[in-house]
Structures are given as C-alpha cells and as structure tokens.
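Asks: make a model of this:
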Amino acid sequence: SSGELYAFMKGADSHVLPLVTDGENNSFCIEQLAAMSKEGLRTLAIASKRISLADYEKWKVTYEAAALSLNDREAEVAEAA
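Replies: This next block holds a predicted model:
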C-alpha cells in the first residue's frame with residue numbers, strides 16, 4: 001500500500017470531461033470519443049484525482065451524515081458525493 005488515496009468517478013463523457021484539468025489528454029479523449037460515436041458506440045468516461053487524507057476524512061463525515069439522514073436522504077447523499 002502506497003498510502004495515497006484516490007477518488008474515482010465514472011459517467012457520461014459530457015459530465016466527466018469538463019472536470020478534467022489535463023488539457024492535452026482531454027483533447028485526445030475528445031477525439032477518441034468522437035470517433036467512437038461516429039461508429040455508433042456508447043461511451044463512458046472515468047476520471048481520478050489524488051486526495052489528501054484530511055480531505056477524505058472531511059468528506060467521509062459529510063457523506064456518513066447524509067447517508068443516515070431521515071429527511072431527503074437521496075438529495076443529501078448526492079450533494080455529499
């Protein structure tokens with residue numbers, strides 16, 4: 001174990017790619033997605049980000065509180081995620 005933490009997300013390329021900050025790789029991905037869509041293929045994008053233990057712990061508290069909420073749990077979990 002390297003002790004590093006990563007957050008991963010997957011989803012529609014139209015939602016994930018605007019969050020990507022690596023412009024060079026983002027351009028490559030857009031080109032490849034366009035080629036695949038011309039072939040009629042459906043696509044998903046996956047992104048990752050290295051996060052600090054402090055950021056993870058902060059998120060974990062927020063997420064666990066949302067998951068235990070008795071009022072509007074689904075919306076609170078979505079907001080925490």
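Asks: buried stuff in the lowest-mean-pLDDT helix or strand in the chain?
Replies: Between all helices and strands in the chain, the lowest mean by mean pLDDT, DSSP states H and E belongs to helix 23-38, at a mean of 83. Of the residues in helix 23-38, those buried by neighbour count under the rule 16 or more other Cβ atoms under 10 Å are 29, 33. Yep, even glycine has a C-beta here, placed from its N, CA and C like the rest.
Asks: just the CA atoms of that helix, as PDB, please.
Replies: The C-alpha atoms that make up helix 23-38 are tabulated as PDB, following Å, rounded to 0.1, in the frame of the first residue of the first chain:
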ATOM      1  CA  GLY A  23      -5.800  19.700 -21.400                       C
ATOM      2  CA  GLU A  24      -3.500  17.600 -23.500                       C
ATOM      3  CA  ASN A  25      -5.100  14.300 -22.500                       C
ATOM      4  CA  ASN A  26      -8.600  15.900 -22.600                       C
ATOM      5  CA  SER A  27      -8.200  16.800 -26.300                       C
ATOM      6  CA  PHE A  28      -7.100  13.200 -27.100                       C
ATOM      7  CA  CYS A  29     -10.100  11.800 -25.200                       C
ATOM      8  CA  ILE A  30     -12.500  14.100 -27.100                       C
ATOM      9  CA  GLU A  31     -11.100  13.000 -30.400                       C
ATOM     10  CA  GLN A  32     -11.400   9.300 -29.500                       C
ATOM     11  CA  LEU A  33     -14.900   9.700 -28.200                       C
ATOM     12  CA  ALA A  34     -15.900  11.500 -31.400                       C
ATOM     13  CA  ALA A  35     -14.500   8.600 -33.400                       C
ATOM     14  CA  MET A  36     -16.400   6.000 -31.300                       C
ATOM     15  CA  SER A  37     -19.600   7.900 -31.500                       C
ATOM     16  CA  LYS A  38     -19.400   8.000 -35.300                       C
END
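Asks: pLDDT averaged over the next helix or strand after that helix - what is it?
Replies: Where DSSP states H and E defines the elements, the next helix or strand beyond helix 23-38 is strand 45-51. The average pLDDT for strand 45-51 rounds to 89.
Asks: right, I'll leave it there.
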